[in-house]
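*Asks:* Next one to model:
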Amino acid sequence: MLSKNQIKLIKSLSQKKGRQQNGLFIVEGIKGVSEFLKSDYNLKHLYTTESIFDASIDLTSEISEVELKKYQHLKTRIQL
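*Replies:* Below you'll find the model as predicted:
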């Protein structure tokens, strides 16, 4: 379950102003997250519906599919 502060932060990152103020951005999708984890960027937090990424990442929280759909920024979604 996401806290109110986490929800507020995630929603703010959907706008350019929020990304600039927080110095953060959101990466969505399996391929995008995989590429991000290989990059030199620092991970603030990873929200996932399944443990498909490296379990050693201690900044990971599993959330429900319903929560994910509520807060995702991508308009189109591909079901696997």
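
*Asks:* okay, CA-based contacts and neighbour counts for the rest of this
*Replies:* Fine.

*Asks:* residue boundaries of the strands in this protein?
*Replies:* Along the chain, counting by DSSP state E, strands occupy 46-48, 60-62.

*Asks:* how about those in TSV, adding mean neighbour count and distance to Ile30?
*Replies:* Below are these laid out as TSV (neighbours: other CA atoms under 10 Å; distance: least, CA to CA, whole Å):
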stretch	mean neighbour count	distance to Ile30
strand 46-48	16	10
strand 60-62	15	14
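
*Asks:* Comparing those, which yields the minimum mean pLDDT?
*Replies:* Among those, strand 60-62 has the lowest mean pLDDT, at a mean of 83.

*Asks:* Can you give the strand pairings for that strand, parallel or anti for each?
*Replies:* Looking at strand 60-62 with DSSP bridges, its partner strands are strand 46-48 (parallel).

*Asks:* contacts for the strand it pairs with?
*Replies:* Contacts with strand 46-48, where a contact means CA atoms under 8 Å, 6 or more residues apart in numbering, come from Leu59, Thr60, Ser61, Glu62, Ile63, Leu68.

*Asks:* where in this protein is pLDDT low?
*Replies:* Filtered on pLDDT under 70, the chain yields the residue ranges 53-56, 74-80.

*Asks:* residue ranges for the helices of it, please.
*Replies:* Under the criterion DSSP state H, the chain contains helices at 4-12, 16-22, 30-38, 65-71.

*Asks:* Output those helices in a markdown table, with distance to Thr49 and mean neighbour count appended to each entry.
*Replies:* Compiled in a markdown table, the helices of the chain are given as follows (distance: least, CA to CA, whole Å; neighbours: other CA atoms under 10 Å):
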| stretch | distance to Thr49 | mean neighbour count |
| --- | --- | --- |
| helix 4-12 | 16 | 13 |
| helix 16-22 | 23 | 12 |
| helix 30-38 | 11 | 12 |
| helix 65-71 | 6 | 12 |
